[in-house]
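K.L.:
Dropping a prediction and its sequence here:
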Number of protein chains: 2
Amino acid sequence: MNFEETLREKTKQIEAVLESFLPKEEGFQKTVIEAMNYSILAGGKRLRPMLLSETYRMFGGTDRLADSFMAAVEMIHNYSLVHDDLPAMDNDEYRRGRKTTHVVYGEGMAVLAGDGLLNYAFETACRAFEEARSLEEYKRVAAALTILGKKAGIYGMIGGQCADIEAEKKQDTVTPDMLLFIHENKTAALIECAMMCGAVLAGADERQIADVEKCAYNIGIAFQIQDDILDVTGSQEILGKPVGSDAKNNKITFVTMHGLDQSQEMVRSLSREAIALLSSFPSRNLFLEKLAEQLIYREK
Amino acid sequence: MNFEETLREKTKQIEAVLESFLPKEEGFQKTVIEAMNYSILAGGKRLRPMLLSETYRMFGGTDRLADSFMAAVEMIHNYSLVHDDLPAMDNDEYRRGRKTTHVVYGEGMAVLAGDGLLNYAFETACRAFEEARSLEEYKRVAAALTILGKKAGIYGMIGGQCADIEAEKKQDTVTPDMLLFIHENKTAALIECAMMCGAVLAGADERQIADVEKCAYNIGIAFQIQDDILDVTGSQEILGKPVGSDAKNNKITFVTMHGLDQSQEMVRSLSREAIALLSSFPSRNLFLEKLAEQLIYREK
């Protein structure tokens, strides 16, 4: 199989894992569960569970210990989209070609659905304790839960969202430090979370986990800078959305802050370091290396 | 010390534990942290951490293992208030005599602050693993985390909120089953969570944990029915809020559904069973028994 076929195959397997963890749509709380599943089943690249699963395999993981964390990290990603789309936040009516959750279920129910997904992410991750057999495995699950909490919260994704809201209100005060903080936390933190949880659950040692974090950081930041670059250089046909929207909204991006040349050089340098780190581990995962490259040097 | 003095003293100690777990208001994410702490520091009875702590002591807990769970359960209670008060939900501008979070920080930041508190509750609870020394203690913390997740989520508090929203939209379709479901989940679930976490962390056995759940259920439901009763029989002076507001809003309550006499009888019977359960454990906690009684037979 070539890379594209393998990617499709693996995405299908991840969808099956996700679906196995979704709550049943029944009971007096049926509506909030429907709204949660509506968001999860809208599709998407399943990037975070895939990075988690591939990092888990790279460090020798073979059983189901990581499955519930794969579902958990995708639930967290989706709750953040549901709340981001709310009228009080970005006020988006469409995502992935479908009406957003609050448009279909109402605003109150969308707030609850986001809360439900965030809470259910932790419930689902906790199910990994059912698979733990030894003190060592309990410690791994506990360490992964701690990473999940930190990278998703105010010292991770939520922290980045807060800074992003502030930056949009006062664009003239955005410094390079603040812009980097936003991308580190809003985008990179959950990618770090996914890859670190995979490594921790497979039993990677501390130095390896630190290297995985650095590698995921590079992938996350490069991914985001590439996003900013594509908004300037991309083709609307390939992207499937209008280009130049950042400039139109006077949005501060890596490209407006550092220029196109320097942004492209940053992507190259972050990417080189990420791939170098990935290929430094005792056991390599060539699919993961290719995936990281594709994420960074994508055209859409 | 009499009960009232002990209650005040213990509340102060709980406030100190809570404050020790609050995040520092600094960094580019300072605003969301301020909004989170604004909500936690607004006061309140600290009922859930107190029930957790007293149940922990009743089963012989003496160290700090339960501290982070006391903070976690209060964070979950507070995030639910922040999101409940949003314009998309109850649209309340004042709570405990202060402006609500979204009035002070804006709606977007209030959504984030609620998310931040919910996420930070799990982060904080995970810190109990730092205190765990043996496989047995890891298992206890894992079991308590699992209870926290379940009772706060769609099979607990969030489930109750969903049914409550639906009930308000279609009041003529509310059945006794649905009303009980709402009170079981919106009110009782987090009280069960608090007392069960206390019992589990202290090492109570399975049968004791089931009895604690039943006891907390009775306290929670009785507490809520008493709320409905006070809205009819209470004095505005003592309650500090207008009476008869349920009737004015045509809200379905235990009193409108079952009548005043039967509601009062339900409170007495639930309360008797709760106290009987509490006094059945090998080691009694007289303060906890008195607290449960006061919660049920309160005048405000």
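P.N.:
That came through, no problem.

K.L.:
I'd guessed A:Lys300 sits against A:Asp231; true?
P.N.:
No - counting by Cβ atoms under 8 Å, A:Lys300 stays clear of A:Asp231, with 11.3 Å between them. For the C-beta atoms, the positions are set from N, CA and C on the backbone; glycine is no exception.

K.L.:
Show me which of those two is the more surrounded one.
P.N.:
The neighbour count for A:Lys300 versus A:Asp231, taken as other Cβ atoms under 10 Å in any protein chain shown, is higher for A:Asp231 (21 against 10).

K.L.:
Reduced to three states, what does that one come out as?
P.N.:
Classification of A:Asp231 by DSSP: H, G, I helix; E, B strand; the rest coil places it in helix.

K.L.:
excluding its backbone neighbours, what's nearest it?
P.N.:
Take A:Asp231 and drop its neighbours on the chain: the residue closest to it by Cβ to Cβ, 6 or more residues apart in numbering or on different chains is A:Asp246, 4.6 Å away.

K.L.:
Repeat that for A:Asp164.
P.N.:
A:Ile182 (5.0 Å).

K.L.:
Report the buried residues of the helix or strand harbouring the one you found.
P.N.:
Following DSSP states H and E, one finds A:Ile182 within helix A:176-182. Neighbour-count burial for helix A:176-182, counted by 16 or more other Cβ atoms under 10 Å in any protein chain shown, picks out A:178-182.

K.L.:
still on that earlier bit, tally of neighbours for the residue nearest to A:Asp231?
P.N.:
18.

K.L.:
I'd say it and A:Asp228 touch.
P.N.:
Yes - using Cβ under 8 Å, A:Asp246 makes contact with A:Asp228 at a distance of 6.7 Å.

K.L.:
hang on, the earlier thing: relative to A:Gln224, how far out is the residue nearest to A:Asp164?
P.N.:
Counting by Cβ to Cβ, to the nearest Å, the separation of A:Ile182 from A:Gln224 is 9 Å.

K.L.:
Poorly predicted segments of the stretch 151-300 of chain A, please.
P.N.:
Filtered on pLDDT under 70, the stretch 151-300 of chain A yields the residue ranges A:235-243, A:247-248.

K.L.:
in what helix or strand does the residue nearest to A:Met109 when sequence neighbours are not counted lie?
P.N.:
Distances taken as Cβ to Cβ, 6+ apart place A:Ala35 nearest to A:Met109, at 5.4 Å, with adjacent residues excluded. Element membership for A:Ala35 (DSSP H and E) is helix A:30-40.

K.L.:
For that helix, name the packing helices and strands.
P.N.:
Identification of packing neighbours for helix A:30-40 by 3 or more Cβ pairs under 8 Å, 6 or more residues apart in numbering or on different chains; DSSP states H and E yields helix A:67-84, helix A:101-105, helix A:107-126, helix B:157-169.

K.L.:
got TSV for the ones you listed, with distance to A:Ala144 and mean neighbour count too?
P.N.:
Output for those, formatted as TSV (distance: least, Cβ to Cβ, whole Å; neighbours: other Cβ atoms under 10 Å in any protein chain shown):
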stretch	distance to A:Ala144	mean neighbour count
helix A:67-84	6	26
helix A:101-105	28	21
helix A:107-126	7	27
helix B:157-169	24	22
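
K.L.:
Using a markdown table, lay out those helices together with distance to A:Thr11.
P.N.:
What follows is those, written out as a markdown table (distance: least, Cβ to Cβ, whole Å):
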| stretch | distance to A:Thr11 |
| --- | --- |
| helix A:67-84 | 12 |
| helix A:101-105 | 22 |
| helix A:107-126 | 19 |
| helix B:157-169 | 29 |
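
K.L.:
what about A:Phe3, how many neighbours?
P.N.:
A:Phe3: 13 surrounding residues under other Cβ under 10 Å.

K.L.:
Contacts only, for it.
P.N.:
Applying Cβ atoms under 8 Å, 6 or more residues apart in numbering or on different chains, we find A:Phe3 in contact with A:287, A:290, A:294.

K.L.:
Taking the stretch 201-300 of chain A, what residue is nearest to chain B?
P.N.:
When scored by Cβ to the nearest Cβ, the stretch 201-300 of chain A has A:Ile252 as its residue closest to chain B, at 13.6 Å.

K.L.:
Can you flag the buried ones in the contacts of A:Phe3?
P.N.:
Buried subset of these (neighbour count, 16+ other Cβ under 10 Å): A:Phe287.

K.L.:
From the contacts of A:Phe3, which land in strands?
P.N.:
Within the contacts of A:Phe3, no residue falls in strands by DSSP state E.

K.L.:
wait, which of the contacts of A:Phe3 is closest to B:Gly156?
P.N.:
A:Phe287 (39.7 Å; Cβ to Cβ).

K.L.:
Now that that closest one has come up, it's in contact with A:Glu4, right?
P.N.:
No - A:Phe287 is beyond contact range of A:Glu4, at 11.5 Å (criterion: Cβ under 8 Å).

K.L.:
Quick check: of the contacts of A:Phe3, which lies closest to B:Lys214?
P.N.:
Closest approach between those and B:Lys214, by Cβ to Cβ: A:Phe287, at 51.3 Å.

K.L.:
can you tell me how far that closest one sits from A:Glu15?
P.N.:
Distance from A:Phe287 to A:Glu15, counting by Cβ to Cβ: 17 Å.

K.L.:
and what of A:Arg96?
P.N.:
14 Å.

K.L.:
Have a look at these two and say which one is more surrounded.
P.N.:
A:Glu15 (16 against 10).

K.L.:
In contact with the more buried one, which residues?
P.N.:
Residues near A:Glu15 by Cβ under 8 Å, 6+ apart: A:Arg46.

K.L.:
hey, C-alpha coordinates of the host helix or strand of it in CSV?
P.N.:
Element membership for A:Glu15 (DSSP H and E) is helix A:3-21. Only the C-alpha atoms of helix A:3-21 are listed here, as CSV (Å, rounded to 0.1, in the frame of the first residue of the first chain):
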residue,chain,number,x,y,z
PHE,A,3,1.0,6.3,2.0
GLU,A,4,-2.4,7.6,0.9
GLU,A,5,-4.0,4.1,1.0
THR,A,6,-2.4,3.4,4.4
LEU,A,7,-3.7,6.7,5.7
ARG,A,8,-7.2,5.9,4.5
GLU,A,9,-7.1,2.5,6.1
LYS,A,10,-5.8,3.8,9.4
THR,A,11,-8.3,6.6,9.5
LYS,A,12,-11.1,4.0,9.1
GLN,A,13,-9.7,1.9,12.0
ILE,A,14,-9.6,5.1,14.2
GLU,A,15,-13.2,5.9,13.3
ALA,A,16,-14.1,2.4,14.5
VAL,A,17,-12.3,3.0,17.8
LEU,A,18,-14.0,6.4,18.3
GLU,A,19,-17.4,5.0,17.6
SER,A,20,-16.9,2.2,20.1
PHE,A,21,-16.5,4.9,22.8
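
K.L.:
Show me which residues of it are buried.
P.N.:
A:7, A:10-11, A:14-15, A:17-18, A:21.

K.L.:
picking up where we left off before, can you tell me how far the residue of the stretch 201-300 of chain A closest to chain B sits from A:Glu166?
P.N.:
Distance from A:Ile252 to A:Glu166, by Cβ to Cβ: 12 Å.
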